[in-house]
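> Pasting a predicted model and its sequence here:
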Amino acid sequence: METSRRLFESVMALDEHYPGLAYHLGKLYHHLGENGLSRSLIQKGIREAERNKDEHTRQELTAALLELESDESVQE
């Protein structure tokens with residue numbers, strides 16, 4: 001998992017505006033229990049997808065955000 005994290009973060013440093021990467025790295029952060037990082041990145045990805053008029057990616061990111069919020073409410 002840490003290797004994946006480092007690779008995703010390296011790519012993010014090259015192109016921080018790619019919403020698909022925000023989805024995958026956000027999901028990885030969620031899996032690692034880093035929910036604050038996950039939420040922040042997914043929300044940023046949603047804004048980028050909206051700016052790019054990429055409805056499909058925006059929907060995927062929104063679903064990932066809802067999944068994160070659902071998991072957080074179960075943990076409380």
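Looks like it arrived, so ask away. Numbers count the residues shown, from 1 in each chain.
> C-alpha from now on. contacts and neighbour counts both.
Will do.
> Give me every residue in contact with stretch 39-55, excluding its own residues.
Residues lying outside stretch 39-55 but in contact with it, judged by Cα atoms under 8 Å, 6 or more residues apart in numbering, are 17-20, 22-23, 25-26, 57-58, 61-62, 64-65, 68.
> And it, what's buried?
Taking 16 or more other Cα atoms under 10 Å as the neighbour-count basis, stretch 39-55 is seen to contain the buried residues R39, L41, I42, Q43, K44, G45, I46, R47, E48, A49, E50.
> Which members of these occur in helices, if any?
Mapping the buried residues of stretch 39-55 onto helices (DSSP state H) picks out R39, L41, I42, Q43, K44, G45, I46, R47, E48, A49, E50.
> which of the residues you listed lies closest to R5?
Distance to R5, by Cα to Cα, is smallest for L41 among these, at 13.3 Å.
> And that closest one, what's its pLDDT?
Confidence per residue is given as pLDDT, and for L41 that number is 96.
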